[in-house]
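Trainee: sequence-free structure coming up:
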């Protein structure tokens, strides 16, 4: 990390020391309530669009997506 003449900030980050950079990784790791709710709404919309139950396991979702992919690939 390169330090400028002002030791309170790093040249690479442009953020005060001790503050996290604003990145998608940090946002998703923090998982604020508004982001979690947005994902739940999106998941519900996708399930409804495909006509699927909303309580499918990840394994079942992958099975269904693979079947759709194989069907459309014919």
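Mentor: Looks like it came in fine. Just so you know, these numbers come straight off a predicted model, no measurement behind them.
Trainee: now tell me what touches stretch 24-39 from outside.
Mentor: Stretch 24-39 has contacts (CB atoms under 8 Å, 6 or more residues apart in numbering) with residue 20. For the C-beta atoms, the positions are set from N, CA and C on the backbone; glycine is no exception.
Trainee: tell me the buried residues in stretch 29-47?
Mentor: Of all the residues in stretch 29-47, not one is buried under the rule 16 or more other CB atoms under 10 Å.
Trainee: can you give me the strands in this structure?
Mentor: Secondary structure of the chain, counting by DSSP state E: no strands present.
Trainee: spatially central residue for it, please.
Mentor: residue 28 (5.6 Å; CA atoms, centre = their mean).
Trainee: so how far is residue 36 from that one?
Mentor: Applying CB to CB, to the nearest Å, the value for residue 28 to residue 36 is 10 Å.
Trainee: and residue 43, by the same measure?
Mentor: Counting by CB to CB, the gap from residue 43 to residue 36 is 11 Å.
Trainee: ok, now residue 46?
Mentor: In terms of CB to CB, residue 46 sits 16 Å off from residue 36.
Trainee: just residue 74 next, same as before
Mentor: 38 Å.
Trainee: before we move on, what about residue 61?
Mentor: 18 Å.
Trainee: ditto for residue 22
Mentor: 18 Å.
Trainee: repeat for residue 52
Mentor: Counting by CB to CB, the gap from residue 52 to residue 36 is 21 Å.
Trainee: any weak-confidence spans in the chain?
Mentor: 1-19 (pLDDT under 70).
Trainee: all helices for it, in order.
Mentor: Using DSSP state H, the helices of the chain run over 24-30, 33-50, 58-72.
Trainee: tilt between the second one and helix 58-72?
Mentor: Orientation check (axes from the mean of the first three to the mean of the last three CA atoms, to 10 degrees): helix 33-50 against helix 58-72 gives 40 degrees.
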